[in-house]
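> could you look at this predicted model? Sequence included:
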Amino acid sequence: MKKLLGWLDNNILTLISFFLLIFIPLYPKVPLMELIPGYIVRVRLEDFFILAAVVVLIIQVIRKKATLKSIIFWPILIYLGIGLLSCLSAIFITRTVPLEWLHAGKMFIHWLRRVEYFSLFFIFYNGIKSFKNTKIFLILCGVLVCLVSIYGYGQKYLYWPVFSTMNREFSKGVKLYLTEHARVPSTFGGHYDLAAFLVIFLILFAGLFFFMKDIKIKIASLLVFLLGYWLLILSASRTSFIAYVFGLIVMFGISAFKKGWFWSLTRGAIIMIFSFVVMIFFGDLSDRFAHLLKLTEVREKWRLERLVSPLKPPPVSDKFVAFDENIPLVVDITDERPVAIRPGQKGDGQGLPPDVYEKIPDYRESTESGGLDGTAAAKLITVERTFSENAYKYGLSAAIRLDALWPWAIKAFLKNPLLGSGYSTLGKQGTGQFTEAESTDNDYLRALGETGLLGFISFFGIIFIITRSVFKSLKKEKNDLLTIFKISFVSFTLGILVNAIYIDVFEASKLAFIFWAMTGVLLSTLGKKEALLKK
């Protein structure tokens, strides 16, 4: 028993790391409780597990069996300090946040979420203690991608449950099922988060397939890659596909210095041709690119039979609510895909933007005179929905960013260029307004708007330090597995930075947890490489 307890004491952070690696991505975003009434961000089971892991880490640090020292310890501390100053500035200087729990509490919760994300780095940094641990970590990553993919296929073809955070009602844990052409979110809160998650692992396992010589590793890596790639197609995320392609270009560009240009160009060409052929001829992703590039008619001409139809009829049950992120309303179970009405086409009396398939009314609050007492009564009325010029040019998805989210972030930045307007303030149209969700769909503008230049430089400075350190270590790396792990890390990090132009990737909780966990594993090998390889 004493020997077992001693082993557990030495390896508890390793076991916790492996558990969190599997649990966090796989457990759906089902809430346990809400901290702020009506707010879309709720407490989930993973938060309690991470809190317990942090307590164990602190105990181990006090006992000198773990450490917080790393090349990014002080940069992280500086960023969190600037974030805290930004919160105080929002309350007392720019006054964008009232000194009330509803508003200030929400802002500080967002700051604490950043602390939680970074905690995964320190947990995994101390959890990986041997080269064997690193190999087990990579094996578990493969298992993870397979399980996420299988569940995504179940959602698409077999109506397995979907738990979404796309709006306030669904984020309460409502069990949903996808309509025929809805985008797959798998165990994530939305398809964008899933697609960004896949960018990381598709690049990693593509690298392992091409780089490693062991035939078993090649076959396993290829299987993981193929399962994940089709799921990326089903997620229909254009930005993540671009990030994936960019990451591959970076990976084969760096690999050329290790393997030669002929090796990199031939293998890069193989995977690029495969990726584009599947993307163009199958699934809904090519439709979204066709809308953006004004090639809808060309796309229809070259359409092949697509492997997207469910294998059985939709469930007839009050426990399930049909869901499509483009039409986030309850729809009939006999739902059929609506025909796209192109700009200027009079399909139902009104032309619609290229990515809008149905004319849905908007709602406005109208105050009307009441009964005999003459009191006013609030009433929701339907009004005709209108679309901006950008919606007709680029689609509704892009127009929301160009017309609202991005200008709001810039406006917030200009209020205080050094510290921004504070976390969770960019969507507010007045100091006293309470926003139920936060999104800018551009991590760079979000960082500038919320935390100003100081927050922007300190946060992305952390990523620069990490990437630079990993890249520099490649010159002397002799181990093939660590070499491709490092090359893949640099590549998918740059891919995620591309993704961040259109999505708040570093605020997407499941993705943020995985990224900082991967960072902890890799920086552990940099700081303890000789000790790791001997074990």
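Arrived safely, thanks for sending. Not measured: the values here are computed from a predicted model.

> do a quick rundown of the strands in the protein.
Ranges of strands within the chain are 31-33, 43-44, 176-178, 321-323, 362-369, 376-383, based on DSSP state E.

> would you map the helices across the stretch 151-300 of the chain?
Counting by DSSP state H, counting those that start in this stretch, the stretch 151-300 of the chain has helices at residues 191-211, 215-235, 238-259, 261-281, 285-293, 296-301.

> hey, which of those is tucked in deepest?
With neighbours defined by mean count of other CB atoms under 10 Å, none of the helices of the stretch 151-300 of the chain is more surrounded on average than helix 191-211, at a mean of 27. For every residue, glycine as well, the C-beta is placed using N, CA and C.

> tell me which other helices or strands that one touches.
helix 131-157, helix 215-235, helix 238-259, helix 261-281, helix 480-499, helix 509-527 (3 or more CB pairs under 8 Å, 6 or more residues apart in numbering; DSSP states H and E).

> ranges for the helices of the stretch 1-150 of the chain?
For the stretch 1-150 of the chain, the helices defined by DSSP H, counting those that start in this stretch cover 2-26, 45-62, 73-92, 106-127, 131-157.

> would you format those helices as a markdown table with distance to Lys415 included?
What follows is the helices of the stretch 1-150 of the chain, written out as a markdown table (distance: least, CB to CB, whole Å):
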| stretch | distance to Lys415 |
| --- | --- |
| helix 2-26 | 35 |
| helix 45-62 | 31 |
| helix 73-92 | 9 |
| helix 106-127 | 15 |
| helix 131-157 | 40 |
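
> what's the most buried one of those?
With neighbours defined as mean count of other CB under 10 Å, those peak in mean count at helix 106-127, which reaches a mean of 21.

> which strands and helices sit next to that one?
Here helix 106-127 touches helix 2-26, helix 45-62, helix 73-92, helix 509-527, going by 3+ CB pairs under 8 Å, 6+ apart.

> now these as a markdown table including distance to Leu405 and mean pLDDT?
Shown next, in a markdown table, are the helices and strands packed on helix 106-127 (distance: least, CB to CB, whole Å; pLDDT from 0 to 100):
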| stretch | distance to Leu405 | mean pLDDT |
| --- | --- | --- |
| helix 2-26 | 26 | 93 |
| helix 45-62 | 27 | 96 |
| helix 73-92 | 19 | 97 |
| helix 509-527 | 19 | 92 |
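
> Leu144: which of those is closest?
Closest of the helices and strands packed on helix 106-127 to Leu144 is helix 2-26, at 5.9 Å (criterion: CB to CB).

> which elements pack onto that closest one?
helix 45-62, helix 106-127, helix 131-157, helix 509-527.

> do that again at 10 Å, thanks
helix 45-62, helix 106-127, helix 131-157, helix 191-211, helix 509-527 (3 or more CB pairs under 10 Å, 6 or more residues apart in numbering; DSSP states H and E).

> would you turn these into CSV with distance to Val470?
Below are the helices and strands packed on helix 2-26 laid out as CSV (distance: least, CB to CB, whole Å):
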stretch, distance to Val470
helix 45-62, 23
helix 106-127, 14
helix 131-157, 14
helix 191-211, 13
helix 509-527, 6
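
> to Phe92, which of those lies closest?
With CB to CB as the measure, helix 106-127 is the member of the helices and strands packed on helix 2-26 nearest Phe92 (12.5 Å).

> show me what contacts Lys218?
Neighbour list for Lys218: 208-212 [criterion: CB atoms under 10 Å, 6 or more residues apart in numbering].

> same question, Pro417
Counting by CB under 10 Å, 6+ apart, Pro417 touches 448, 452-454.

> repeat that for 8 Å
Shown in contact with Pro417 (CB atoms under 8 Å, 6 or more residues apart in numbering): 452-453.

> so where do the helices sit in the stretch 351-500 of the chain?
According to DSSP H, counting those that start in this stretch, the helices that the stretch 351-500 of the chain contains are 389-394, 396-400, 406-415, 443-473, 480-499.

> least reliable of those by average pLDDT, please.
For these, mean pLDDT drops lowest on helix 389-394, to a mean of 68.

> stretch 411-431: which residues count as buried?
Neighbour-count burial for stretch 411-431, counted by 16 or more other CB atoms under 10 Å, picks out 412-413, 415-416, 419-428.

> and of those, the nearest to Phe262?
Phe413 (46.8 Å).

> show me the two of the buried residues of stretch 411-431 that sit farthest apart.
Longest span within these, CB to CB: Leu419 and Gly427, 18.4 Å.

> show me how far stretch 57-71 is from its chain's centre.
Remark: stretch 57-71 is offset 29 Å from the chain centroid, using CA atoms, centre = their mean, to the nearest Å.

> and the contacts of it?
The list of residues contacting stretch 57-71 from outside it, by CB under 8 Å, 6+ apart, reads 9-10, 12-13, 119, 121-123, 125-126, 465-466, 469, 523, 526-527.

> okay, now that stretch: how far is its last residue from its first?
Start-to-end span of stretch 57-71 (CA to CA, to the nearest Å) is 18 Å.

> got any ranges where this protein has weak pLDDT?
For the chain, applying pLDDT under 70 flags the ranges 167-168, 283-388, 390-391, 393-396, 527-535.

> Gly207 is in contact with Met251, isn't it?
Yes - look at Gly207 against Met251 with CB atoms under 8 Å: they come within range, at 5.7 Å.

> end to end on stretch 496-514, go ahead and measure it.
Distance between the two ends of stretch 496-514: 12 Å, counting by CA to CA.

> contacts for that stretch next, please.
By CB under 8 Å, 6+ apart, stretch 496-514 touches 20-21, 24-25, 29, 46, 50, 113, 117, 120, 187-189, 192-193, 196-197, 199-200, 239-240, 242-243, 246-247, 401, 438-444, 446, 459, 463, 515.

> run the chain-centre distance for it.
That offset, for stretch 496-514, works out to 4 Å (CA atoms, centre = their mean).

> for that stretch, buried residues please.
Quick answer for stretch 496-514 (16+ other CB under 10 Å): 496-514.

> likewise for stretch 92-108?
Result for stretch 92-108 [16+ other CB under 10 Å]: buried residues 94, 96-97, 103-104, 106-108.

> got TSV for the residues you listed, with distance to Cys141 too?
Shown next, in TSV, are the buried residues of stretch 92-108 (distance: CB to CB, whole Å):
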residue	distance to Cys141
Thr94	42
Thr96	40
Val97	39
His103	39
Ala104	39
Lys106	34
Met107	34
Phe108	33
